[in-house]
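*Asks:* task: produce atomic coordinates for the following.
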Amino acid sequence: MAKPKKPDNRPSWDDYFMEITELVSRRSTCLRRQVGAVIVKGKRILTTGYNGAPSGLKHCSEVGCLREKLNIPSGERQELCRASHAEQNAIIQAAQHGVRINEATIYSTHFPCVTCAKMIINAGIKKIIYQQGYPDQLSKELLQEARIELIKMTPAKLTLAADEPKESG
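*Replies:* Okay, here's the model as predicted:
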C-alpha cells in the first residue's frame, strides 16, 4: 500500500509553533512592541506568554508607557516598564502549574533581553527560536556562554488550499 502524500501546505513544526507564537503576541498590551512566547517540549506546547502588565494591574494601554514618555530607547532601562516580558510570563506560567520546562525549546517573536536570557538559562531551556532581533549584546553573550542553541527564522507563509488558484479544465 502506498504511503499517503503529505499535503503541500502543511507547516513544518517550527513554522507551526512560530505561527502560534505570533498569535499569542496579539494578546500583548504593550504600546511599543507585541511579543509572544511558546515553550515546547516533545512537539507539545507546555506554556505560552505575552508581554503585558502583571495580572490584575492596569495595562499600559490604560495608563500609558513611562519609557515612551521619557524617550527611553528600546533595550534600555527595562526596570521602568510596568510589563512582564513574554518569555518571563511563559516561564512563570510553567512554575504556577508545576510544568517542567528543562530541556525545552522556547519560540519567541523577538530575541530575549538579558533578564529573560538569565531566566531561560536557569530554567534549563536548551534552544531559542526567534524571528526578530533585540538590541541586547549581553543577552547574546550569556546565551552563547550557556551553550543555548539560537536559531533566527522567518516562517514560511502558508497558502491554504482555499486560497490556491483553481485549475481551469
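
*Asks:* what about the protein, any weak spots by pLDDT?
*Replies:* 1-2, 4-7, 155-169 (pLDDT under 70).

*Asks:* most centrally placed residue in this protein?
*Replies:* Ser108 (2.0 Å; CA atoms, centre = their mean).

*Asks:* phi, psi of it?
*Replies:* Ser108 adopts backbone torsions of phi -140, psi 150, taken as degrees, to the nearest 10.

*Asks:* can you check Met153 too?
*Replies:* Dihedral angles for Met153 - degrees, to the nearest 10 - are phi -130, psi 160.

*Asks:* now do the same contact list for it.
*Replies:* Shown in contact with Met153 (CB atoms under 8 Å, 6 or more residues apart in numbering): 14, 18, 129-131. All C-beta spots, glycine's among them, are computed from the backbone N, C-alpha and C.

*Asks:* thinking again about what came up before, I figured the residue nearest to the centre of the chain hits Tyr130, correct?
*Replies:* Yes - the pair Ser108 and Tyr130 qualifies as a contact (CB atoms under 8 Å) at a distance of 4.7 Å.

*Asks:* I'd say Val38 and Arg44 touch.
*Replies:* No - at 10.7 Å, Val38 does not count as touching Arg44 under the criterion of CB under 8 Å.

*Asks:* which one's more surrounded, those two?
*Replies:* More neighbours surround Val38 than the other of Val38 and Arg44, with 29 against 8 (other CB atoms under 10 Å).

*Asks:* and the more buried one, how far is that from Ser139?
*Replies:* Going from Val38 to Ser139 by CB to CB, to the nearest Å gives 19 Å.

*Asks:* same check, this time on Asp8
*Replies:* For Asp8 relative to Ser139 (CB to CB), the value is 37 Å.

*Asks:* between these two, who's got more neighbours?
*Replies:* Looking at Asp8 and Ser139 with other CB under 10 Å, you find the greater number of neighbours at Ser139, namely 20 against 9.
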